[in-house]
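Trainee: missing the sequence, but the structure's below:
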């Protein structure tokens, strides 16, 4: 490579030319100049360089130092990629839209595994409460291992003080229980509350499992506010990091909550058209379906003191069958304006 660099010379047009001894082994050199068919037949354009036909190729590892101002130098950017092996069950959780369905599916899956291994007799019964509770702990444990892998290793090695004071797990005095589930510590251990309430399981904020749990408990409290939903979550032994913001975000996107909490509609007192003669209207009837309401024609409009029509005189036709022959008669009615709906306005 050093001989190549020394033999390279620059032409007047700015291009660079290789030495003669390297042009013979360069097939691309024939494409830049004219050559006859006979020359191409015996050249390295068709058969390649001569050193490729040798039985033993000489491989030399040469380190070449290139100067920075070299015009032929091309800068390249190298990127490192970090690959992580994730549990396939964790990616399956994103397929569920309800927490109860995910728990029942995992409980049935674990029950089928026990049956296949011979640890349980085959029955047609559904999963019981104990099996579903174990499935909840299993899902929570998988989520914690994905989100807090490094922190769990430090806690297992009794190096919880190395978490850092800015770490949220350090503030919660987190520890691992007998089932290796990450839980909240603190002084409530001396209280008479239930173990899951004293030491709730910790879940990350950005997790599909956390979203499912928030949705499930929000529906259990009948779509009440943020405080009621957070209390319900923590009363069931779950501590979600940043729970207030994730609950508020869910309530903002919840369709029933948007419907219940919308602003009260205000009736606009805008002037409307008065009913006139020959208008075709529909008669409202609270005792019959809307598709059976009758049509009528306005004969007279009676205005009130404010000049707006408050009562109408109507004519409608009623057809009856007598001895196989239809008979039509006209009926005169009076109806208030709020008991009719204008269908076609008179010209």
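Mentor: Looks like it arrived, so ask away. Computed from a predicted structure; not experimentally measured.
Trainee: helices of the stretch 201-347 of the chain, start to end?
Mentor: Secondary structure of the stretch 201-347 of the chain (DSSP state H, counting those that start in this stretch): helices located at 208-220, 226-235, 243-253, 255-260.
Trainee: ranking the ones you listed by burial, who's on top?
Mentor: The highest mean neighbour count among the helices of the stretch 201-347 of the chain, using mean count of other C-beta atoms under 10 Å, belongs to helix 208-220: a mean of 20. All C-beta atoms are positioned from the backbone trio N, CA, C, and that covers glycine.
Trainee: and that helix, what does it pack against?
Mentor: Taking 3 or more C-beta pairs under 8 Å, 6 or more residues apart in numbering; DSSP states H and E as contact, the helices and strands that helix 208-220 lies on are helix 88-93, helix 99-116, helix 129-147, strand 201-203, helix 226-235, strand 238-240, helix 243-253.
Trainee: contacts for it next, please.
Mentor: Defining contact as C-beta atoms under 8 Å, 6 or more residues apart in numbering, one finds that helix 208-220 is touched by 93-94, 96-100, 102, 139-140, 143, 203-204, 224, 229, 232-233, 236, 238, 240, 243, 246-247, 250-251, 254.
Trainee: check the offset of that helix from the chain's centre.
Mentor: Distance, stretch centre to chain centre, for helix 208-220: 14 Å (C-alpha atoms, centre = their mean, to the nearest Å).
Trainee: contacts only, for residue 134.
Mentor: 107, 110.
Trainee: same thing but at 10 Å, please
Mentor: Residue 134 sits next to 103, 106, 107, 110, 127, 179 when contact means C-beta atoms under 10 Å, 6 or more residues apart in numbering.
Trainee: just give the closest residue to the last one, not the sequence neighbours.
Mentor: The shortest distance from residue 179 to any residue that is not its chain neighbour, by C-beta to C-beta, 6 or more residues apart in numbering, is 6.2 Å, and that residue is residue 137.
Trainee: sorry, back to before: the helices and strands packed on helix 208-220 into CSV, with extra columns for distance to residue 29 and mean pLDDT?
Mentor: Putting the helices and strands packed on helix 208-220 into CSV (distance: least, C-beta to C-beta, whole Å; pLDDT from 0 to 100) gives the following:
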stretch, distance to residue 29, mean pLDDT
helix 88-93, 54, 79
helix 99-116, 66, 89
helix 129-147, 57, 91
strand 201-203, 66, 92
helix 226-235, 74, 93
strand 238-240, 68, 93
helix 243-253, 66, 93
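Trainee: can you put these in CSV and add distance to residue 325?
Mentor: Shown next, in CSV, are the helices and strands packed on helix 208-220 (distance: least, C-beta to C-beta, whole Å):
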stretch, distance to residue 325
helix 88-93, 73
helix 99-116, 64
helix 129-147, 71
strand 201-203, 79
helix 226-235, 69
strand 238-240, 77
helix 243-253, 64
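Trainee: the bottom helix or strand of the protein by mean pLDDT?
Mentor: helix 2-7 (a mean of 48; mean pLDDT, DSSP states H and E).
Trainee: per-domain residue ranges of this structure.
Mentor: Following automatic domain parsing, one gets these domains for the chain: 1-75, 141-260, 280-344.
Trainee: out of those, deepest packed?
Mentor: Among the domains of the chain, the stretch with the highest mean neighbour count (mean count of other C-beta under 10 Å) is domain 141-260, at a mean of 16.
Trainee: got the end-to-end distance for that domain?
Mentor: 36 Å (C-alpha to C-alpha, to the nearest Å).
Trainee: quick one: residue 147 and residue 241 touch, right?
Mentor: Yes - counting by C-beta atoms under 10 Å, residue 147 does reach residue 241; the two are 9.1 Å apart.
Trainee: overlap in contacts, those two.
Mentor: 202, 203, 204, 205, 206, 207, 210.
Trainee: where does pLDDT dip in the stretch 151-300 of the chain?
Mentor: Residue ranges of the stretch 151-300 of the chain with pLDDT under 70: 159-161, 266-272.
Trainee: and residue 94, what is it in contact with?
Mentor: Residue 94 touches 102, 207, 208, 209, 211, 212, counting by C-beta under 10 Å, 6+ apart.
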